[in-house]
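>>> sequence isn't available, so here's the structure alone:
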């Protein structure tokens, strides 16, 4: 027997062996398809109520119709606001000053923790003494690949922002003078200036104010005290968003009075819009404005009138903002949406200060 015949014979024997069971034994795998259920009809007593096989769904009238197609929305946990300690802010000639109701050691620790979170990996402190902390320069506007290549060729690098914190004890409180300066590679650093001169620096100050106010409030640190109320109206959530505590079940008239007391105005004929100026002073797209050109010495000359095409040149005080009232266990909170403007942290800080001062 040649090799090919031997292979064919072996394959035939193997196939016959595998199929042998089905040739000599009955396969009952599909018997369930031919089975019939045995039912017994229940005889109800004469005069009884008719039997109905029905499904009762509790609260069926408030359940959405499954046939209606709706866009799926990911459930989100509601923002939780935490109380803050009042940290007064005053503007000095050469900086902004925080009057922190804590000793110098605690105030310095809060500043160091904040700089560490702002910087990320690495050391955020360039130098530190008993009364002063100087940070390393922060790059708030990282360069792209082309800009970085151009800086490498021209040796002209963008300026980075460094901060100085000077601590002065004032009884049981601590005053912190905050300044900033621009540092550029190959150039002498600028003088120490007030954060009001830079939007980036002012935004950092706003974030520090919120972080310090929350950390100094012990009620936000312990779950057992989470339900305690605070007399300070400004609260903050985990995302650094400020909210104004309005109390419990504030009426519409009381809400308007609270806004007017802070120099905030509701926009007429619209819902959920407010502004830091009266409605007639709010800038809007389409307004007729003067087109001026500079003539020197800080003076301008009007050429003609034009319609406003955007709000790029409008200050934060002349804009209108949407708002919502969030109900939480601690009461009602006013949340002003500033996400549509540049430097939202600084604008939110400005609006929150209206309710403080």
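Noted; the coordinates are in hand. Keep in mind the model is a prediction, meaning the values are calculated, not measured.

>>> just checking, residue 331 touches residue 248?
Yes. Residue 331 is within contact range of residue 248, at 4.7 Å (criterion: CB atoms under 8 Å). (Each C-beta comes from the backbone N, C-alpha and C, glycine too.)

>>> quick one, which of the two is more surrounded?
The residue with more neighbours, out of residue 331 and residue 248, is residue 331; 16 against 10, by other CB atoms under 10 Å.

>>> so who does that one touch?
229, 245, 246, 247, 248 (CB atoms under 8 Å, 6 or more residues apart in numbering).

>>> if you rank those residues by neighbours, which is first?
Going by other CB under 10 Å, residue 245 tops the contacts of residue 331 with 23 neighbours.

>>> strand partners of whatever helix or strand it lives in, parallel vs antiparallel please.
Per DSSP states H and E: residue 245 is located in strand 242-247. Applying DSSP bridges, strand 242-247 is found paired with strand 234-236 (antiparallel), strand 331-336 (antiparallel).

>>> want to throw those strands into CSV with mean pLDDT and distance to residue 136?
Output for those, formatted as CSV (pLDDT from 0 to 100; distance: least, CB to CB, whole Å):
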stretch, mean pLDDT, distance to residue 136
strand 234-236, 91, 26
strand 331-336, 90, 33
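
>>> looking at those strands, which is buried most?
Counting by mean count of other CB atoms under 10 Å, strand 234-236 has the highest mean neighbour count of those, with a mean of 24.

>>> what does the residue nearest the centre of the chain show for phi and psi?
With distances taken as CA atoms, centre = their mean, residue 239 lies nearest the centre of the chain, 4.4 Å away. Dihedral angles of residue 239 (phi, psi; degrees, to the nearest 10) stand at phi -100, psi 10.

>>> measure it to residue 323 for me?
17 Å (CB to CB, to the nearest Å).

>>> where does pLDDT dip in the stretch 51-200 of the chain?
In the predicted model of the stretch 51-200 of the chain, residues 65-70, 72-79, 141 satisfy pLDDT under 70.

>>> which stretches in it count as helices?
104-119, 145-154, 199-215 (DSSP state H, counting those that start in this stretch).

>>> tell me which of those lies nearest to residue 45.
Closest of the helices of the stretch 51-200 of the chain to residue 45 is helix 199-215, at 72.1 Å (criterion: CB to CB).

>>> tell me the buried residues in the closest one?
For helix 199-215, burial by neighbour count (16 or more other CB atoms under 10 Å) applies to 200-215.

>>> report the angle between that helix and helix 104-119.
With axes from the mean of the first three to the mean of the last three CA atoms, to 10 degrees applied, the angle from helix 199-215 to helix 104-119 works out at 130 degrees.

>>> quick one: contacts of helix 199-215?
82-87, 89, 96, 98, 100, 107, 110-111, 113-114, 118, 138, 140-141, 161, 163, 178, 180, 195-196, 220-221, 232, 234, 236, 240, 242, 342-343, 345-346, 348-349.

>>> just stretch 257-271 next, same as before
Applying CB under 8 Å, 6+ apart, the contact partners of stretch 257-271 are 246, 250, 256, 273-279, 282, 320, 351, 354-355.

>>> pull the most distant pair out of the residues you listed.
The widest separation within the contacts of stretch 257-271 (CB to CB) is 24.4 Å, between 250 and 282.

>>> can you tell me which of the buried residues of helix 199-215 is nearest residue 52?
Among the buried residues of helix 199-215, and counting by CB to CB, the member closest to residue 52 is residue 214, at 60.5 Å.

>>> re earlier: pLDDT value on the residue nearest to the centre of the chain, please?
pLDDT for residue 239: 80.

>>> repeat for the one 10 residues further on
Confidence at residue 249, expressed as pLDDT, is 78.

>>> ok, now residue 223?
41.

>>> ok, now the one 4 residues further on?
What the model reports for residue 227 is a pLDDT of 49.

>>> what about the residue nearest to the centre of the chain, distance to residue 348?
As judged by CB to CB, residue 239 and residue 348 stand 11 Å apart.

>>> equivalent analysis for residue 237, please.
Distance of residue 237 to residue 348, computed by CB to CB: 11 Å.

>>> which of the contacts of residue 331 sits closest to residue 167?
The shortest approach to residue 167 among the contacts of residue 331 belongs to residue 245, at 29.9 Å (CB to CB).

>>> re the thing from before, show the buried residues in the contacts of helix 199-215.
The buried subset of those - by 16+ other CB under 10 Å - is 82-85, 87, 89, 96, 98, 100, 107, 110-111, 114, 118, 138, 161, 163, 178, 180, 195, 220, 232, 234, 236, 242, 343, 345-346, 348-349.

>>> residue 194 and residue 292, how far apart?
For residue 194, the distance to residue 292 - CB to CB - is 29 Å.
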